[in-house]
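**Q** here's a sequence, model it:
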Amino acid sequence: MDTKRPTRSGKGRGNNSFNRNKKSGGGGNRDRRGSGGGRSNHNYIPLPADQMVHEGVPLKTVEYKSETKFADWKLNPKLKSAIKAAGWAYPTEIQEKSFEHINALKDVMGIATTGTGKTGAFLIPIIDALLDSEQPFQTLVLAPTRELALQIEDEFRALTLGMKFNAITLIGGRNINTDIVNLRKRSYHLVVATPGRLKDLYQQGKIDLQEASVLVLDEFDRMLDMGFQKDVMFLADKIGERDQTLLFSATLDRSQQKLIDHFLTDYATVAVSSGQASAEHINQTVRFVEPDNKFDELISLMQEPELKRVLIFAETKHRVKKVTKKLQQAGISADEIHGNKSQNYRQKALNNFKAGKIKALCATDVAARGLDIDDITHVINFEAPTDYDTYIHRVGRTGRAGKGGEAITFYDK
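**A** The predicted model follows:
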């Protein structure tokens, strides 16, 4: 990886602002897709069962092995050290194939399934540019969920260990006044935000979006699914001209092409998956169950020894709460995350799940994106999703980074 990088220079308007030249690029009401108490609140039409059955192919046919190591790349020595400390030796496919485009300041659309290192794909060239740039610049990352936003910040901090770079995460579920105080303290090299909170802060005049010269739209398809299209377009247009826009998505819907063209200019497409098929190395089965027997079937299934770390999805917050309670009553350690839980509660539940303190984590689709949890052995769809994209995102929670996994979907008889 020995690509000459175009000169980056800062942009901004205040004494503490970052300055950087920009090119033309990219560029609402919040309308999060929520779920109410139960089935009666929405028209539930499950995905056809035959679309959720797949025999996992051998891992050797889907693994990607780079011919180069990060140690071979032309990167700043400080970044190389941080990458090594993080335990990364070889780049993933999306990291290797997108690096030269991002390094050359091209707009990029990256299509890759979950668990393939998309966050590192944009952070590595951006951090390398920050280390080599004469003037600092700011990158704004928009993410659909709080959990994903926090994980992006965590990965940035890991890859900038010992470097004097600042990052901030702006998400709902936390005190907005704390965000306002922190934004006053300094300028940030990385701002990670969910669209709703960032729009609130902008409309209150607490953040200058024109300081950002790189815009990253992570899990773009999910942001659209969750009703953030207007907010994302609003925010991108307020940034105005910028050096670069990077868009990452697990799926690609050609009906979105006009929208993609709104954000990206003369862009490179890096597709390491079709954007259509589910993770091919994950074994996927459907169990036809009488509706009244679903809880008993779930509890029986959870007793099987191979189910060690299980993520369970249901369609509504109410149903997630009920599933969690039934599991706990059966003596199975379980917790829940969904929109009715506070950010602190959700983070604690996620930490306990990651640490193996609970066997099952029950969730609405708010957890179907961005959660970087290793070694989830099984995904169980207590209720089948209503569209295939959502199914892909759920299934992608297991089989991370090429590992094997199982997805089981309950389907009403």
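**Q** for the stretch 1-150 of the chain, which segments are assigned as helices?
**A** Assigned by DSSP state H, counting those that start in this stretch, the stretch 1-150 of the chain shows helices spanning 77-85, 93-103, 118-132, 146-159.
**Q** now mean pLDDT and mean neighbour count too, for these, in CSV please.
**A** The C-beta positions use only the backbone N, C-alpha and C, and glycine is treated the same way. Below are the helices of the stretch 1-150 of the chain laid out as CSV (pLDDT from 0 to 100; neighbours: other Cβ atoms under 10 Å):
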stretch, mean pLDDT, mean neighbour count
helix 77-85, 96, 16
helix 93-103, 95, 23
helix 118-132, 96, 23
helix 146-159, 94, 20
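**Q** from residue 339, how far off is the nearest residue to residue 259 once chain neighbours are set aside?
**A** Sequence neighbours aside, residue 229 is the residue nearest to residue 259 in space, at 7.1 Å (criterion: Cβ to Cβ, 6 or more residues apart in numbering). Residue 229 sits at a distance of 19 Å from residue 339 (criterion: Cβ to Cβ, to the nearest Å).
**Q** one more: residue 149?
**A** 15 Å.
**Q** try residue 74
**A** Distance of residue 74 to residue 339, given as Cβ to Cβ: 44 Å.
**Q** between the two, which one's more packed in?
**A** residue 339 (17 against 12; other Cβ atoms under 10 Å).
**Q** quick check, that one in contact with residue 320.
**A** No. Residue 339 is beyond contact range of residue 320, at 9.9 Å (criterion: Cβ atoms under 8 Å).
**Q** and stretch 44-52, end to end?
**A** 17 Å (Cα to Cα, to the nearest Å).
**Q** only the buried residues of that stretch, if you could.
**A** Across stretch 44-52, burial judged by 16 or more other Cβ atoms under 10 Å covers 46-47, 51-52.
**Q** what is the nearest of those residues to residue 389?
**A** Nearest to residue 389, judged by Cβ to Cβ, of those is residue 47 at 9.9 Å.
**Q** which residues touch that closest one?
**A** 384-388, 391 (Cβ atoms under 8 Å, 6 or more residues apart in numbering).
**Q** stretch 53-64: end-to-end distance?
**A** End-to-end span of stretch 53-64 (Cα to Cα): 24 Å.
**Q** and for stretch 296-308?
**A** Using Cα to Cα, the two ends of stretch 296-308 sit 18 Å apart.
**Q** tell me the buried residues in that stretch?
**A** 298, 302, 307.
**Q** just to be sure, the last one is in a strand?
**A** No. The assignment for residue 307 is coil, going by DSSP: H, G, I helix; E, B strand; the rest coil, so no strand is present there.
**Q** once you drop chain neighbours, what's closest to it?
**A** Nearest residue to residue 307, sequence neighbours excluded (Cβ to Cβ, 6+ apart): residue 378, at 5.2 Å.
**Q** do you know the pLDDT at the one you found?
**A** Per-residue pLDDT puts residue 378 at 96.
**Q** beta-bridge partners for it, please?
**A** residue 310, residue 406 (DSSP bridges).
**Q** before we move on, the earlier item: got any residues that touch both of residue 339 and residue 320?
**A** Common neighbours of residue 339 and residue 320 (Cβ under 8 Å, 6+ apart) are residue 364.
**Q** got the contacts of residue 47 as JSON lines, with neighbour count, distance to residue 88 and secondary structure columns?
**A** Shown next, in JSON lines, are those (neighbours: other Cβ atoms under 10 Å; distance: Cβ to Cβ, whole Å; DSSP: H, G, I helix; E, B strand; the rest coil):
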{"residue": "384", "neighbour count": "23", "distance to residue 88": "36", "secondary structure": "coil"}
{"residue": "385", "neighbour count": "21", "distance to residue 88": "32", "secondary structure": "coil"}
{"residue": "386", "neighbour count": "14", "distance to residue 88": "37", "secondary structure": "coil"}
{"residue": "387", "neighbour count": "12", "distance to residue 88": "34", "secondary structure": "coil"}
{"residue": "388", "neighbour count": "16", "distance to residue 88": "32", "secondary structure": "helix"}
{"residue": "391", "neighbour count": "24", "distance to residue 88": "30", "secondary structure": "helix"}
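**Q** closest one of those residues to residue 85?
**A** Comparing the contacts of residue 47 against residue 85 with Cβ to Cβ places residue 391 closest, at 36.4 Å.
**Q** and the closest residue to that closest one other than its chain neighbours, what is it in contact with?
**A** Once flanking residues are discounted, residue 391 sits nearest to residue 385: 4.8 Å by Cβ to Cβ, 6+ apart. Contacts for residue 385 were tallied using Cβ under 8 Å, 6+ apart; they are 46-47, 313, 315, 365, 391, 394.
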